[in-house]
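*Asks:* Got a predicted model here, sequence first, then my questions.
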Amino acid sequence: MAKAPDLFDSAPASSKAYTAKDIEVLEGLEPVRRRPGMYIGGTDEAALHHLAAEILDNAMDEAVAGFATRIEVDLEPNDVLTVRDNGRGIPIDPHPKFKNKSALEVIMTTLHSGGKFGGKVYDTSGGLHGVGSSVVNALSEWMEVEVDRDRRGHQMRFERGKPVGKLKDIGAVNRRGTIVRFHPDPQIFKDAHFSAARLYRMVKSKAYLFRGVEIRWRCDPALVRGETPAEETLKFPGGLLDFLRGEVGAGETVTPREFFGRIESNGKGAVEWAITWAPAIEPFLQSYCNTIPTPQGGTHEQGLRNALTRALRAHGERVNSRKTALVTPDDLMAQACAVLSVFIREPEFQGQTKEKLSTPDAQRLVENVVRDHFDHWLAENPADADRLFNFVLDLAEDRLRRRQEKETQRKSATRKLRLPGKLADCTKSGQDGTEIFLVEGDSAGGSAKQARDRATQAVLPLRGKILNVASAAAGKLAQNQELSDLVQALGCGTGAKYRDDDLRYERVIIMTDADVDGAHIASLLLTFFYREMPRLIAKGHLHLAMPPLYRLSHGGTIVYARDEADRARLLKSAFKPNAKVEVSRFKGLGEMMPAQLKETTMRPGKRALVRVEIAEAEKSRTENLVERLMGKKPELRFQFIQENAQFAAAAVDI
Ligand code: 1YM
């Protein structure tokens, strides 16, 4: 039998013969049947396929160690699986510690740590792996093992982990190797069945991962579906490169040649990889350690990412791109299709499912080897190197652009968050069709919040008399809570910094009580807008709401009057003469029912709004009036009152 080439120059397995005393016995198989989840991660379909993987891995170990060249996997009906290899055959000599037992029996009926067994070169020890054949035996309804060694055949049968009879000598054979045939225990795996497709995929990946092996796949024709063949011989002399080409197919790639490499005997371990960049294909990175899949990545993947990034950056610096530093491992891998396989001694796996490689040496190993090869690859193919560098740089720039956009979105979101807490904002954003009501006091604010149309109407309650900006010192404005809330809610800035585009509402509506205090607050607000946001007024945004002062009712008729004159007019026009009309006076907006407030003052179409304007011709007169009435000099105010005392009633009616 031709020996598969050793992976290592210094491989010890070929020189070190197995002796039964090397076996370290730990415990029987009862714990496995009691808590299968602890050993194979569960009792579902995935766990069931773990059994298959375990046996297949043992055969692969024998191939990778250089003793087997061929493996056969045969799926029969009723979930019976056979795996055979042409390796040395599991040892069968009597075990010194267990007088009447063969090594095979001890191996199959005791839990042991895989690595301790006879110093296998690349056993798959670690985590779920390596606990090996005995766990599969424990969880099988029956298992038959045939060992062909030294030209004689031997058979042994087990049921639920226990031997049924002794090791049988079946006579002379001219083959060599191990055959394991088993049926998973339906008591353990209640509804689980082998999937031909899944097993085929597993088997095929093993063939890609180790070019020194030929795997014959066979499956009962009744079990095959779709693309799974009933029979196939799997051998891939191109290894991972064959795999990559199979996956990428004729898809367009950034560089015509793949980056592929393999180093097999540096004394520390073996590494093989195949990578291409294919923009139209779903990217992937599949990694393996000793042919065991490591879907959670780990140190070997880290080594690959680092090596590729460092080499590509070095290329970027050589061609003098100032943007080299932008390129990260994520950018490089974002559109990569990559397969990575390492072979190391005594690997350690991490994580709940033991699917992540944690051996630190694996990172160094991969990083050094791949860095070296990628440097050469880039230097030898300068056109490809440029294409790849520019491709990855584009991805990096896209990423940064997206981050920038996200950042601006986040910033505008927090700007919105910094709106004053008292503001009940509308849900619609932007000026179009939205309005904000500036309301006097929290209780009126409460009614207004209930009366509003949430989609388009915002309400900002202002507490008490706001600061008179015409008489206050400049610094006071910034310190005043009510006014800074107002400025923030409007979003448009003040003074020279006013920007009409930033105003968050189309209409700003001052809504105060229809009394003297309300008028005062309205005039303070008008003064504020006039001084701090004159363009807001000029653009026609500022309005005064006209809440009623009286409610007149008789029979089913209810009308609202804005002031005394309105009341007198409505008493005559809305009711029959001499009707006993009930007249009530609102003390403030807060007294009105939300429904009343909505109908009389807030609902577009029904309400009366007064737009505040400063007529061009009146400009100097307005400035003069504001200065006199609201300015710093009380004597001007006193003079105005003296001159206008006879118009006092009208002055209230702003
Ligand atoms: C279809 C499954 O298990 N083959 C297999 C297993 C072993 C050997 C050869 C083997 C290994 C060694 C020496 C060694 C196993 N050996 C052990 C133990 N195929 C399958 N083929 N001689 C034979 O590693 O030194 C466990 S499995 F315990 F001997 F190490």
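*Replies:* Perfect, thanks for sending it. Numbering: from 1, shown residues only.
*Asks:* tell me the mean pLDDT for the lengthiest helix in the chain?
*Replies:* Longest helix in the chain by number of residues (criterion: DSSP state H): helix 382-417. Summarised as a single mean, pLDDT over helix 382-417 is 86.
*Asks:* Check stretch 471-490 too.
*Replies:* So the average pLDDT for stretch 471-490 ends up being 83.
*Asks:* give me the number of residues near the residue lying closest to residue 503 once chain neighbours are set aside?
*Replies:* Using Cβ to Cβ, 6 or more residues apart in numbering and skipping residues adjacent in sequence, the residue nearest residue 503 is residue 492, 3.9 Å away. All C-beta atoms are positioned from the backbone trio N, CA, C, and that covers glycine. Using other Cβ atoms under 10 Å, residue 492 has 21 other residues around it.
*Asks:* which residues does residue 492 contact?
*Replies:* By Cβ atoms under 8 Å, 6 or more residues apart in numbering, the residues touching residue 492 are 498, 499, 500, 501, 502, 503, 504, 533, 536.
*Asks:* May I see those organised as CSV, with distance to the ligand and pLDDT added?
*Replies:* Compiled in CSV, the contacts of residue 492 are given as follows (distance: Cβ to the nearest ligand atom, whole Å; pLDDT from 0 to 100):
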residue, distance to the ligand, pLDDT
498, 82, 93
499, 77, 93
500, 80, 93
501, 75, 91
502, 74, 90
503, 78, 93
504, 73, 93
533, 85, 93
536, 84, 94
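*Asks:* Tell me which of these fall in strands.
*Replies:* Using DSSP state E, no member of the contacts of residue 492 falls in strands.
*Asks:* thinking again about what came up before, and the helix or strand just after the longest helix of the chain, what does it pack against?
*Replies:* Remark: after helix 382-417, the chain's next helix or strand is strand 435-440, criterion DSSP states H and E. In this structure, strand 435-440 packs against helix 442-451, strand 457-462, helix 481-490, strand 507-511, helix 516-532, with contacts taken as 3 or more Cβ pairs under 8 Å, 6 or more residues apart in numbering; DSSP states H and E.
*Asks:* Would you convert these into TSV that also reports distance to residue 620 and mean neighbour count?
*Replies:* Putting these into TSV (distance: least, Cβ to Cβ, whole Å; neighbours: other Cβ atoms under 10 Å) gives the following:
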stretch	distance to residue 620	mean neighbour count
helix 442-451	35	20
strand 457-462	30	25
helix 481-490	26	19
strand 507-511	24	24
helix 516-532	13	19
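*Asks:* Just send the ones you listed back as TSV, with distance to residue 148 too.
*Replies:* As requested, the helices and strands packed on strand 435-440 are exported to TSV (distance: least, Cβ to Cβ, whole Å):
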stretch	distance to residue 148
helix 442-451	88
strand 457-462	86
helix 481-490	86
strand 507-511	94
helix 516-532	98
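*Asks:* now these as CSV including distance to the ligand?
*Replies:* Listed next are the helices and strands packed on strand 435-440 as CSV, based on distance: least, Cβ to the nearest ligand atom, whole Å:
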stretch, distance to the ligand
helix 442-451, 76
strand 457-462, 74
helix 481-490, 74
strand 507-511, 82
helix 516-532, 86
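*Asks:* ok, how many other residues are close to the residue of the stretch 401-550 of the chain found nearest the ligand?
*Replies:* Proximity of the stretch 401-550 of the chain to the ligand (Cβ to the nearest ligand atom) peaks at residue 402, 50.2 Å away. By other Cβ under 10 Å, the residues close to residue 402 number 10.
*Asks:* For residue 465, see how far away it is.
*Replies:* Distance, residue 402 to residue 465, by Cβ to Cβ, to the nearest Å: 49 Å.
*Asks:* for residue 450, same thing?
*Replies:* In terms of Cβ to Cβ, residue 450 sits 25 Å off from residue 465.
*Asks:* OK, contacts around residue 442?
*Replies:* Contacts of residue 442 (Cβ under 8 Å, 6+ apart): 461, 463.
*Asks:* Could you report the pLDDT at it?
*Replies:* 84.
*Asks:* now the helix or strand where residue 620 lies and helix 516-532, what's the angle there?
*Replies:* Residue 620 belongs to helix 619-630 when assigned by DSSP H and E. Angle of helix 619-630 versus helix 516-532, following axes from the mean of the first three to the mean of the last three Cα atoms, to 10 degrees, is 130 degrees.
*Asks:* Sort out which residues of helix 619-630 are buried, please.
*Replies:* 626, 628, 629, 630 (16 or more other Cβ atoms under 10 Å).
*Asks:* try stretch 341-357
*Replies:* Those would be 341-345, 347-350, 354-357, for stretch 341-357 by 16+ other Cβ under 10 Å.
*Asks:* ok now it, how far from the chain's centre?
*Replies:* Here stretch 341-357 is found 25 Å from its chain centre; the criterion is Cα atoms, centre = their mean, to the nearest Å.
*Asks:* just stretch 235-246 next, same as before
*Replies:* That offset, for stretch 235-246, works out to 32 Å (Cα atoms, centre = their mean).
*Asks:* Of all the residues in it, which ones are buried?
*Replies:* Buried residues in stretch 235-246, counted by 16+ other Cβ under 10 Å: 236, 239, 240, 241, 242, 243, 244, 245.
*Asks:* So what does the third one look like in phi/psi?
*Replies:* This points to residue 240. phi -60, psi -30 (degrees, to the nearest 10).
*Asks:* Just name the closest of the buried residues of stretch 341-357 to the ligand, please.
*Replies:* Distances from the ligand to the buried residues of stretch 341-357, taken by Cβ to the nearest ligand atom, are shortest for residue 345, at 12.5 Å.
*Asks:* what about the closest one, distance to residue 259?
*Replies:* In terms of Cβ to Cβ, residue 345 sits 27 Å off from residue 259.
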